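Student: fold the stuff below for me.
(2 chains)
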Amino acid sequence: MSNSLRAPEPLDWLYRGGSEIFPDQPESDDPHQNIRQRLRQGAKLRVKLGIDPTGSQIHLGHSTIFRKLRAFQDQGHTAVLIIGDFTAQVGDPTGKSEVRRQLTVTEVNQNAATYLEQLRPLLDFDTPGRLEVHYNSTWLTSLDLGQILELLATMTLGQMLAKEGFSERHHQGNPVYLHEFLYPLLQGYDSVAVKADVELGGTDQKFNLAVGRDLQRHFHQEPQFGLLLPILPGLDGVQKMSKSLGNFVALGEDPLTMYSKLEKVPDQVINQYYELLTDYPLDQLPVDPRERQKTLALAVVTQYHGAAVAAAAQASAMALIQGDPSPTDNLPEFGLSGVHFPLKLFYLLRASGLCQSSSEARRQLQGGAVKLDGQRVTDVDLEFATPEQLYHKVVQLGKSHFLKLVP
RNA sequence: GGGUCGGUGCCCGAGUGGUUAAUGGGGGCGGACUGUAAAUCCGCUGGCUAUGCCUACGCUAGUUCGAAUCUAGCCCGGCCCA
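Tutor: Down below sits the predicted model:
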């Protein structure tokens, strides 16, 4: 595969998803201004991607950029993954209308530990030389005040205020703390530390990636290329996919939940989902909108769980929609051994995590949202004397939350 | 440091002594409809194994039969001045 570097002419893999590359001067022969020239020369690039472990879950919105990183890997380049264990404590102010809560060291470490596992289906971990993983605390914690001053002295207040977010917040009368100014500089310094040739990010990262170029130049390195991918809209079809908005699909979710969420992606954004989340030929998308959703869901679930499991999830989802919970092989399960009998149904809804509180569970029952084996239950005080009455029954909340009860 | 305005439920935002988890909007969840979509209509939107008991309007004390609403101190923000 490494030989393919000599003829990377169809650069579809590079541009799929509407990547914006900068600097981008297509007519230029200068390999520092034109990444295609660089690739034609067979350069082996160090492709940086930083991710701050601010949460415990990675979702599809993050995955687009990892897919791009994988594409670079498959072309023979080196993925340089930076776990922002230090920057996570500062908090990226990008796109935030308010200050980010600062995480503790313990939280950050716990989050970081789960990240690599979640990325396993996405990246090439095995081919030698294709992946480096760094924690940016390695170099950032050892910066002394003199070095920090050097970083700060590379930018002006005007440049900082030009960054989206800062000036809005300031003019809206919201606080902007000084330590937030350090974030872009630290992220940029990461590029210096790993000698990045390319850095990947979402379009909202343009400022930060540009700072990386400035700092590399300051430290007498070749400035990196920036490659920006559009932000993936969330399941609501409007706002960007994010955990805090709840409009996300996490990489670690079970196949059926993943499928159920993806098969109802709004029409207005489904083409973007195809482009950013799959390798499906974009000129061959199913015409029927319902088919288009199903095919997408199947394609994405396959990436994370394999074709067989994905097909089973699709079959289960279709059956469950029609109220038939029989082919429920891969439903998430809930063991009844952990709860006490006699058992009230609303308590079960709470205990199983289907509802967040027992009060909410009662409301859902009253609102007609709960079904047991396809039968709607509205009796708030329904109680079961023994676990045997519930074995192998399926509890359903709304249209897409299912749970199989097991001993 | 001084002056001034402000801190209400997921968010915004009413309320300025009195049956009440506290108007309204957004968002979210659910129901009907549908393509399991959108649009539309309707319901719900503090907690608790619950015919009741808790906790809530920045924090802590206080005034009062009774406070989110009054008083004091403290914490945190905006703006103006230094």
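
Student: from now on I want contacts and neighbour counts done on CA atoms only, so please keep to that.
Tutor: Noted.

Student: show me the contacts for the residue positioned nearest the centre of chain A.
Tutor: Note on chain A: the residue nearest the mean C-alpha position is residue A:62, at 2.4 Å, using CA atoms, centre = their mean. For residue A:62, no contacting residues are found, by CA atoms under 8 Å, 6 or more residues apart in numbering.

Student: now do 10 Å
Tutor: The contact partners of residue A:62, by CA atoms under 10 Å, 6 or more residues apart in numbering, come to A:51, A:201-202, A:231-232, A:241-242, A:250-251.

Student: same thing with residue A:147?
Tutor: If you count contacts by CA under 10 Å, 6+ apart, residue A:147 has them with residue A:153.

Student: one more: residue A:390?
Tutor: Taking CA under 10 Å, 6+ apart as the criterion, residue A:390 is in contact with A:336, A:372-373, A:384, A:404-407.

Student: of these, closest to residue A:299?
Tutor: Checking the contacts of residue A:390 against residue A:299 by CA to CA gives residue A:404 as the nearest, at 25.2 Å.

Student: mind telling me what element the closest one is part of?
Tutor: With secondary structure defined by DSSP states H and E, residue A:404 is part of strand A:401-406.

Student: where does the stretch 301-407 of chain A have low pLDDT?
Tutor: The stretch 301-407 of chain A contains residues with pLDDT under 70 at A:322-330.

Student: quick check: residue A:127 touching residue A:73?
Tutor: Yes: the pair residue A:127 and residue A:73 passes the contact test of CA atoms under 10 Å, sitting 9.1 Å apart.

Student: for the stretch 51-200 of chain A, what spans make up the strands?
Tutor: Per DSSP state E, counting those that start in this stretch, the stretch 51-200 of chain A has strands spanning A:78-83, A:131-135, A:198-202. These are given in chain order.

Student: quick one: the residue in the stretch 201-350 of chain A positioned nearest to RNA strand B from residue A:202, how far?
Tutor: The minimum distance from the stretch 201-350 of chain A to RNA strand B, using CA to the nearest atom of the strand, falls at residue A:266 (3.9 Å). Distance from residue A:266 to residue A:202, counting by CA to CA, to the nearest Å: 21 Å.

Student: how far away from the center of its chain is stretch A:376-394?
Tutor: On the basis of CA atoms, centre = their mean, to the nearest Å, stretch A:376-394 sits 37 Å off its chain's mean C-alpha point.

Student: next: stretch A:142-157.
Tutor: Centre-to-centre, stretch A:142-157 and its host chain are 31 Å apart (CA atoms, centre = their mean).

Student: give me the mean pLDDT for it.
Tutor: For stretch A:142-157, mean pLDDT rounds to 92.

Student: same check, this time on stretch A:27-41
Tutor: Averaging the model's pLDDT scores along stretch A:27-41 yields 84.

Student: in that stretch, what's buried?
Tutor: Neighbour-count burial for stretch A:27-41 flags A:32-39 (criterion: 16 or more other CA atoms under 10 Å).

Student: which of the residues you listed are close to RNA strand B?
Tutor: The subset of the buried residues of stretch A:27-41 lying close to RNA strand B, counting by CA under 7 Å from any atom of the strand, is empty.

Student: mind picking the two most distant members of those residues?
Tutor: The largest distance within those, taken as CA to CA, falls between A:33 and A:39 and amounts to 11.9 Å.

Student: hang on, isn't residue A:338 packed against residue A:405?
Tutor: No: taking CA under 10 Å as the definition, residue A:338 is not a contact partner of residue A:405, at 11.5 Å.

Student: comparing the two, which residue is more hemmed in?
Tutor: Under the neighbour definition other CA atoms under 10 Å, residue A:338 and residue A:405 were set side by side, and residue A:405 has more, 19 against 10.

Student: still on that earlier bit, what subset of the contacts of residue A:390 is buried?
Tutor: Members of those that pass the buried threshold by neighbour count (16+ other CA under 10 Å) are listed as A:336, A:372-373, A:404-406.

Student: can I get those in a markdown table including distance to RNA strand B?
Tutor: As requested, those are exported to a markdown table (distance: CA to the nearest atom of the strand, whole Å):
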| residue | distance to RNA strand B |
| --- | --- |
| A:336 | 10 |
| A:372 | 12 |
| A:373 | 13 |
| A:404 | 17 |
| A:405 | 15 |
| A:406 | 16 |
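
Student: can you give me the neighbour number for residue A:81?
Tutor: Other residues near residue A:81 come to 22 when the count uses other CA under 10 Å.

Student: just checking, it touches residue A:47?
Tutor: Yes: under the criterion of CA under 10 Å, residue A:81 lies in contact with residue A:47, with a separation of 8.2 Å.

Student: which neighbours do these two share?
Tutor: Among the neighbours of residue A:81, those also in contact with residue A:47 (CA under 10 Å, 6+ apart) are A:69, A:131-132, A:194.

Student: check which helix or strand covers residue A:287.
Tutor: Assessed by DSSP H and E, residue A:287 sits outside every helix and strand.

Student: then residue A:312?
Tutor: Assigning secondary structure by DSSP H and E places residue A:312 in helix A:307-321.

Student: can that helix be found next to RNA strand B?
Tutor: Yes: judged by CA under 7 Å from any atom of the strand, helix A:307-321 and RNA strand B are in contact via A:317-318, A:321.

Student: grab the nearest non-local neighbour of residue A:38.
Tutor: Excluding the flanking residues, the one nearest residue A:38 by CA to CA, 6 or more residues apart in numbering is residue A:31, at 4.7 Å.

Student: roughly how far does the one you found sit from residue A:188?
Tutor: Using CA to CA, residue A:31 is found at 22 Å from residue A:188.
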